[in-house]
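Asks: I need the structure of the sequence given here:
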Amino acid sequence: LVQELHREAVVMDISMQVMDGVEATRKIKAESPDTVVVGLSMGGTEDRRRIMVAGAVDFVRKSDPAGMLVETVLHALAAHAVAVADASG
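Replies: Got it, this is the predicted structure:
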């Protein structure tokens, strides 16, 4: 779906029924390496570690304030834009 919709960013819930968010993140990053993934979970340190290893750039807990999710996604997109600009010279 990410490839079809050409999204710059994805908020990935780790707990999903068909495929967990860690595996989905791996697939997204393999197929669309420029897509920014931010992990989302009820869990803590272990969930953060797993999704970051899979390719997410950051992680937010579901219990965090909603504004933190928005802030994290915007920050991740801005950091990605700077990295792309630096890479292109």
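Asks: helices and strands around the helix or strand where Leu74 lies, which ones?
Replies: Taking DSSP states H and E as the criterion, Leu74 maps to helix 66-88. Here helix 66-88 touches strand 9-13, strand 36-41, strand 58-61, going by 3 or more CB pairs under 8 Å, 6 or more residues apart in numbering; DSSP states H and E. C-beta: built from backbone N, CA, C; applies to glycine.
Asks: ok, and what's touching the second one?
Replies: In other words, strand 36-41. Taking contacts as CB atoms under 8 Å, 6 or more residues apart in numbering, the residues outside strand 36-41 that touch it are 8-15, 21, 25, 28-29, 47-48, 51-52, 55-62, 69, 72-73, 76-77, 80.
Asks: Could you measure from Phe59 over to Gly21?
Replies: Look at Phe59 and Gly21: by CB to CB, to the nearest Å, they are 11 Å apart.
Asks: and for the two, which residues touch both?
Replies: Taking CB under 8 Å, 6+ apart as the contact rule, Phe59 and Gly21 both touch 39-41, 51.
Asks: Just checking, which helix or strand of the chain averages the lowest pLDDT?
Replies: Within the chain, judged by mean pLDDT, DSSP states H and E, the helix or strand with the poorest mean is helix 2-5; its value is a mean of 72.
Asks: before we move on, back to that, will you turn the helices and strands packed on helix 66-88 into TSV that also has mean pLDDT and distance to Val2?
Replies: Below are the helices and strands packed on helix 66-88 laid out as TSV (pLDDT from 0 to 100; distance: least, CB to CB, whole Å):
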stretch	mean pLDDT	distance to Val2
strand 9-13	93	6
strand 36-41	95	9
strand 58-61	95	17
